[in-house]
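1. can't give you the sequence, but here's the structure:
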Ligand SMILES: Cc1cc2nc3c(=O)[nH]c(=O)nc-3n(C[C@H](O)[C@H](O)[C@H](O)COP(=O)(O)OP(=O)(O)OC[C@H]3O[C@@H](n4cnc5c(N)ncnc54)[C@H](O)[C@@H]3O)c2cc1C
Ligand code: FES
């Protein structure tokens, strides 16, 4: 049954631009249905702000189905809020109670500079993919899709890692601002598949090195796994580290041969 | 403007046309390709695959997206799967059958030549995506798995759990990212196309607005590809992502690109019903669920019992009853209308009586909850998060919602619009789905266009321009377009009214949904054509956009998109009014059989309606491209 939540207080981070100082502003939500999603609550607030001549709160969002990875809020100190395995856009007001004060901030990490209010720049993720997050298979000339059988457990494990939506919650949750879960997930997706073997070690080395240029270093806190809206397992980081070590060794050997 | 709509279908028997085209087209030699610059707007499946392939071939590519990363494009949200005529099941599939199913599914309103090519390249898409590492579902022996989708009697849909679009887009994005890393693609993110520039009758480039700084600037190229998605958000409530919009296509339309069949919109039968007025978007429950879920409503009008207490003989499994051979897998337009009728008859379910049941209890009994979970787990989870109900124990409630747009920019066989040098690919064009698209065929078409069609057809256009420089962006046409765009955005900021862009979008969407949605008629469409201009007038006077034009301002972005939806909305209604027949997703209540099925009029309407912008959105100009059928015989679609 639908119920109505009453008297919520939102403390929302407002920041004019990348180089401005930000501050919290307080907004009241006198009532909201528990059927509303968290972002619908912000939509309603924004409409109210606009109609009273004030600037709307900027936040990133798009699919509202937990798949595009665009939404990105710290809610009460949790990346994507209190519900596990849930992106901000899938969070519904039934997770909250009347009278709550909710603190809403952008994802915070040095590698994710704030653009405005709650919107951050996550382009560093694209840079990691650009150096190796792919299988080099130019269009045309691919062999039949069933030529290389992929055992179901392998396809499943690869898919588990490939489910990453690139939202950056792992980085925001990490005390060091590390991107190991993101990078590890992409590496596991590709490195587990037979198709990915040819470039496996080159990929691991290139992606990890680029990751290190932009992001902090991983000290195995495990906060990332807890924050991940797709519940990607921290095991991918172990796989990444193993492949990276082997890569350094193998790639050095390959170099000494040339 | 005098326009002849030449689809440029190649000579020869249907099955040879594409090969004949490739044999006779003009080529650009590998070393010369880098002398050409191509702009690709949009990085969804169609755009990302085009960027990757064109860059691999050696062209200089510049890619534009309003998203922060190519990986966010709306393609990411596709759930169910992608079709291909692989016949891995040995169940009688073939290129010809996929071709025929698509033509029939489209209610005989698409071009044979284009659709046949689509079916031909479908098999290459799967090979390509597997090579790139898309983790498609596999059987225990390691072979690719398939499922069935609506409108087909074979199992030809490839999938990656309930997130096929995500995996395919990541595949295409990664191919594209590789080219970005190699320096062959220049990526412009958070940049929105706000105009298309035509010089001497050819597309010269685009004007963009930087969504972080508001800066308006020009970019020129030898050719421009629009892969900017569909316009389903004209209805406000739809399954499309929030930022999907028609602006790129509309701006091209205003510059001379004809817009084809705007009234062909798809209402998807299985979405979560609206829960309240504040709802900002609707969520799709993949059609694949209809493989195992059974659709029903209570037989009695005044039913109040919870679903599990309604005995079998008091349930109406209306799809199985009306369409015994396709049953729950009847095509989308037919299933949607049947759901609307069930709800309109007062037998709707749920608190607002605005849905029908999609019930898995039989499948859970037959297969076990584990198998059902394996197949649909993430969809069930998504449903529970939104509604707070557990579909393993309570049947899902579903209702149709706007989902996909078959209409779009008119293109010929080469995917070129009526502006030479301007191409449209993916959902943005109108080409392959006629009046109704079959499930799992949009992903197929987007990737076909980007990977396997454009890379061939573009060279045919470019070859004669070897060593010609790209147009100069200081040309008066670019400057004028920049000024107009800048003025447009300052105008929104200066109106100073009382209503947000979302308010107008919601009101506009209601009009379009009520009169140009699942069912249309003359009276309603005429009403819409008087209400939309009135609301548009109010928009011009009472819009309120707060904030400034020099930093990120989502209210301002939205204002521009809503204005374009106003003009498009009028065109949708004009087109629906003009098409005095029912076909596919376009159902005119005046034109139905006694059983309530769509009644086509092949004598008068076997054509593509391509509309020309006249400067006045209330009086667009119609051009017709007749559809010639050589291979198939026009029939009344039957799924009984
Ligand atoms: C919920 C859902 C589920 C679906 N499931 C399936 C399915 O199972 N199978 C299937 O075959 N189809 C499915 N579809 C349909 C399919 O997903 C889409 O038709 C297809 O992905 C469209 O791809 P595209 O490349 O044409 O456009 P999109 O993926 O929409 O990409 C558009 C791109 O254009 C850019 N863009 C747009 N306008 C501008 C502008 N003005 N300036 C700059 N950039 C711009 C955007 O940033 C984006 O990059 C589904 C659709 C929905 C809504
Ligand atoms: S908006 Fe797409 S994941 Fe949240």
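-> Cool, the structure landed. Since we're looking at a predicted model, the values are computed, not measured. Ligands and ions are numbered 1, 2, ... in the order given.

2. can you pull the contacts of the residue in the stretch 101-250 of chain B that ligand 1 sits nearest to?
-> Residue of the stretch 101-250 of chain B nearest ligand 1, by C-beta to the nearest ligand atom: residue B:229 (2.7 Å). (Glycine included, C-beta is placed from N, CA and C.) Residues in contact with residue B:229 (C-beta atoms under 8 Å, 6 or more residues apart in numbering or on different chains) are B:42, B:44, B:73-74, B:240, B:244, B:426-428.

3. can you tell me the element it falls in?
-> Counting by DSSP states H and E, no helix or strand carries residue B:229.

4. and the pLDDT at it?
-> In this model, residue B:229 is scored at 98, pLDDT.

5. now it: how far from residue B:43?
-> As judged by C-beta to C-beta, to the nearest Å, residue B:229 and residue B:43 stand 10 Å apart.

6. what sits in contact with each of these two?
-> residue B:73.

7. mind checking how far residue A:168 is from residue B:181?
-> 20 Å.

8. neighbour count: these two, which is higher?
-> For residue A:168 versus residue B:181, neighbours defined as other C-beta atoms under 10 Å in any protein chain shown are more numerous around residue A:168 (22 against 19).

9. for whichever residue of the stretch 51-200 of chain A sits closest to chain B, what are its contacts?
-> In the stretch 51-200 of chain A, the residue that lies nearest chain B is residue A:149 (2.7 Å; C-beta to the nearest C-beta). When contacts are counted by C-beta under 8 Å, 6+ apart, residue A:149 touches B:138, B:141-143.

10. smallest gap between chain B and chain A, at which residue?
-> For chain B, C-beta to the nearest C-beta, closest residue to chain A: residue B:142, 2.7 Å.

11. and for that residue, the neighbour number?
-> When counting by other C-beta under 10 Å, one arrives at 16 neighbours for residue B:142.

12. what are the buried residues along the top helix by length along chain A?
-> Longest helix of chain A, by residue count under DSSP state H: helix A:235-257. Neighbour-count burial for helix A:235-257, with 16 or more other C-beta atoms under 10 Å in any protein chain shown as criterion, is recorded at A:236-237, A:239-241, A:243-244, A:247, A:250.

13. cool, and stretch B:389-398?
-> Neighbour-count burial for stretch B:389-398 [16+ other C-beta under 10 Å]: B:391, B:394-398.

14. and it, how far apart are its ends?
-> 13 Å (C-alpha to C-alpha, to the nearest Å).

15. what's the answer for stretch B:28-47, then?
-> End-to-end distance of stretch B:28-47 (C-alpha to C-alpha): 21 Å.

16. that stretch near chain A anywhere?
-> No: Stretch B:28-47 lies out of reach of chain A by C-beta under 8 Å from any C-beta of the partner chain, never closer than 10.9 Å.

17. pLDDT of that stretch, averaged?
-> 97.

18. ok, back up a step: chain center to the longest helix of chain A: distance?
-> Computed by C-alpha atoms, centre = their mean, to the nearest Å, the separation of helix A:235-257 from the middle of its chain amounts to 25 Å.

19. output the contacting helices and strands for that helix.
-> helix A:180-191, helix A:200-214 (3 or more C-beta pairs under 8 Å, 6 or more residues apart in numbering or on different chains; DSSP states H and E).

20. so which bits of the last one are buried?
-> It stands for helix A:200-214. For helix A:200-214, burial by neighbour count (16+ other C-beta under 10 Å) applies to A:200-208, A:210-211, A:214.

21. what helices or strands is the helix or strand just after that helix leaning on?
-> Sequence-wise, the next helix or strand downstream of helix A:200-214 (DSSP H and E) is helix A:223-227. Using 3+ C-beta pairs under 8 Å, 6+ apart, the elements in contact with helix A:223-227 are helix A:169-173, helix A:180-191.

22. mind running it again at 7 Å?
-> helix A:169-173 (3 or more C-beta pairs under 7 Å, 6 or more residues apart in numbering or on different chains; DSSP states H and E).

23. and for the helix it packs on, what's in contact with it?
-> Residues outside helix A:169-173 that contact it (C-beta atoms under 7 Å, 6 or more residues apart in numbering or on different chains): A:74, A:79-80, A:107-109, A:111-112, A:177-179, A:181-182, A:215, A:223-224, A:226-229.

24. now list the buried members of these.
-> If you count burial by 16+ other C-beta under 10 Å, the buried members of these come out as A:74, A:79-80, A:107, A:109, A:111-112, A:177-179, A:181-182, A:215, A:223-224, A:226-229.

25. which non-adjacent residue is nearest the one residue in the stretch 151-258 of chain A that gets nearest to ligand 1?
-> Closest to ligand 1 within the stretch 151-258 of chain A is residue A:166: 14.3 Å, counting by C-beta to the nearest ligand atom. Leaving aside its chain neighbours, residue A:166 sits nearest to residue A:69 (4.4 Å; criterion: C-beta to C-beta, 6 or more residues apart in numbering or on different chains).

26. Provide the secondary structure category for that neighbour.
-> Secondary structure, DSSP: H, G, I helix; E, B strand; the rest coil: residue A:69 is coil.

27. what residues does the stretch 101-250 of chain A put near ligand 2?
-> Residues of the stretch 101-250 of chain A found near ligand 2 (C-beta under 6 Å from any ligand atom) are residue A:165.

28. residue of the stretch 101-250 of chain A with the smallest distance to ligand 1?
-> For the stretch 101-250 of chain A, C-beta to the nearest ligand atom, closest residue to ligand 1: residue A:126, 13.3 Å.

29. check that residue and give its pLDDT.
-> 98.

30. tell me which element the residue in the stretch 1-150 of chain A positioned nearest to ligand 1 is part of?
-> Ranked by C-beta to the nearest ligand atom, the top residue of the stretch 1-150 of chain A for proximity to ligand 1 is residue A:65, at 6.9 Å. When elements are assigned from DSSP H and E, residue A:65 belongs to no helix and no strand.

31. ok, it - contacts?
-> A:89, B:77, B:283, B:382 are the contacts of residue A:65 under C-beta under 7 Å, 6+ apart.

32. then residue A:61?
-> A:39, A:70-71, A:89, B:242.

33. for the nearest residue to residue B:310 once chain neighbours are set aside, give the beta-bridge partners.
-> Once flanking residues are discounted, residue B:310 sits nearest to residue B:298: 5.6 Å by C-beta to C-beta, 6+ apart. Note on residue B:298: beta-bridge partners residue B:315, judged by DSSP bridges.

34. then residue B:62?
-> The partner residues for residue B:62, given DSSP bridges, come to residue B:39, residue B:186.

35. residues near it, how many?
-> Residue B:62 has 20 neighbours, counted by other C-beta under 10 Å.

36. same thing with residue A:56?
-> 25.

37. pLDDT score for it?
-> At residue A:56, pLDDT is 98.

38. residue B:578 against residue B:607, yeah?
-> No: using C-beta atoms under 7 Å as the test, residue B:578 is too far from residue B:607 to be in contact (10.8 Å).

39. enumerate every residue touching whatever residue of the stretch 251-400 of chain B ends up closest to ligand 1.
-> Closest residue of the stretch 251-400 of chain B to ligand 1, C-beta to the nearest ligand atom: residue B:284 (3.8 Å). Going by C-beta under 7 Å, 6+ apart, residue B:284 touches B:79, B:239, B:268, B:270-271, B:403.

40. again, only using 8 Å
-> A:65, B:77, B:79, B:239, B:268, B:270-271, B:401, B:403.

41. test of understanding: give the bridge partners of it.
-> Here residue B:284, judged by DSSP bridges, has bridge partners residue B:271.

42. hang on, residue B:242 packs against residue A:60?
-> No: proximity of residue B:242 to residue A:60 does not meet the contact threshold set by C-beta atoms under 8 Å, at 10.5 Å.

43. any weak-confidence spans in chain B?
-> Within chain B, the ranges that satisfy pLDDT under 70 run B:1-2.

44. what does the stretch 101-250 of chain B put close to chain A?
-> B:124, B:126-133, B:135-144, B:160-161, B:163, B:165-167, B:170, B:173-175, B:177-178, B:180-181, B:187, B:189, B:212, B:241-243.
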